[in-house]
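Undergrad: let's see this in three dimensions:
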Amino acid sequence: MNITVYCGASLGENPSYQEGTIALGKWIAENGHTLVYGGGNTGLMGLIADTVLAHGGQVIGIIPEFLKDRELAHPHLSELRTVETMSERKLALIQEADAFIALPGGPGTLEEISEVISWARIGKNDKPCILFTIAGYYQALEQFFDTMVSTGFLTLEDREKTLFSDDLEQIEHFIASYQPPAAREYRRKVSKKESIAK
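TA: Model prediction:
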């Protein structure tokens, strides 16, 4: 299985982020999966690639030319693919994946995992999405997803298709048993003004 991992190009301030990244990297390699990621050599990106490689796993990196030229590309990957733009990289990471996992990261990490979550809701992504919430990193986002449900912007069924967890056994079970959500259907509601006019 190809596991696309989104994560930060920084290590973060909490050592737990590195410990969780190493644990995920070991799990990927020891279960015979392939890591697919952004191809970088810094931060949690470099750490997870190094961990998978050190435990005998395969790593595919996908990096835009302008970042590779800045010498940010990992030099020892199983395969490094170069693309022209960030958009091409994002699409390639999606196309290669059998599952998506977000480790701690910044706005880019959040953008990437949010995109594949939203694509699942409209029938354009049938692969599981997981936020690896090390040391409570994604706890506030998890609460916000629950707020989306309680305020009517996300169905409970769709909410349950995104996993927030730092438990690798739970993550493994979620991936193995995943059933994609039904494509969302849109119905136009009649406004109060239109109803009165009738």
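
Undergrad: tell me the SS of Tyr108?
TA: Quick fix: residue 108 reads Gly, not Tyr. helix (DSSP: H, G, I helix; E, B strand; the rest coil).

Undergrad: okay, now Tyr17: neighbour count?
TA: Residues lying near Tyr17 (other C-beta atoms under 10 Å) number 24. No exception for glycine: its C-beta is placed from N, CA and C like everyone else's.

Undergrad: dump the strand ranked longest in the chain to PDB, restricted to CA.
TA: Longest strand in the chain by number of residues, with DSSP state E as the criterion: strand 58-64. In PDB, the C-alpha atoms belonging to strand 58-64 read as follows (Å, rounded to 0.1, in the frame of the first residue of the first chain):
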ATOM      1  CA  GLN A  58      10.600   2.200   0.100                       C
ATOM      2  CA  VAL A  59      10.200   6.000  -0.200                       C
ATOM      3  CA  ILE A  60       8.900   7.900  -3.200                       C
ATOM      4  CA  GLY A  61       9.400  11.700  -3.100                       C
ATOM      5  CA  ILE A  62       7.700  14.200  -5.400                       C
ATOM      6  CA  ILE A  63       9.200  17.700  -5.500                       C
ATOM      7  CA  PRO A  64       8.800  20.800  -7.600                       C
END
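
Undergrad: continuing past it, what's the next helix or strand?
TA: With elements assigned by DSSP states H and E, the helix or strand that comes after strand 58-64 is helix 65-68.

Undergrad: which strands and helices lie in contact with that next one?
TA: For helix 65-68, the packing partners by 3 or more C-beta pairs under 8 Å, 6 or more residues apart in numbering; DSSP states H and E come out as strand 79-83.

Undergrad: just to revisit the earlier point, mind listing residues that contact the longest strand of the chain?
TA: 2, 34-40, 49, 52-53, 72-74, 77-86, 88-89, 92-93, 96 (C-beta atoms under 8 Å, 6 or more residues apart in numbering).

Undergrad: can you check stretch 166-177 too?
TA: Taking C-beta under 8 Å, 6+ apart as the rule, stretch 166-177 contacts 1, 20, 23-24, 27, 31, 99, 101, 128, 130, 132-134, 163, 165.

Undergrad: and those, which of them are in helices?
TA: 20, 23-24, 27 (DSSP state H).

Undergrad: quick one, grab the pLDDT at Glu194.
TA: On the pLDDT scale, Glu194 is placed at 56.

Undergrad: before I go, just wanted to say thanks for your time.
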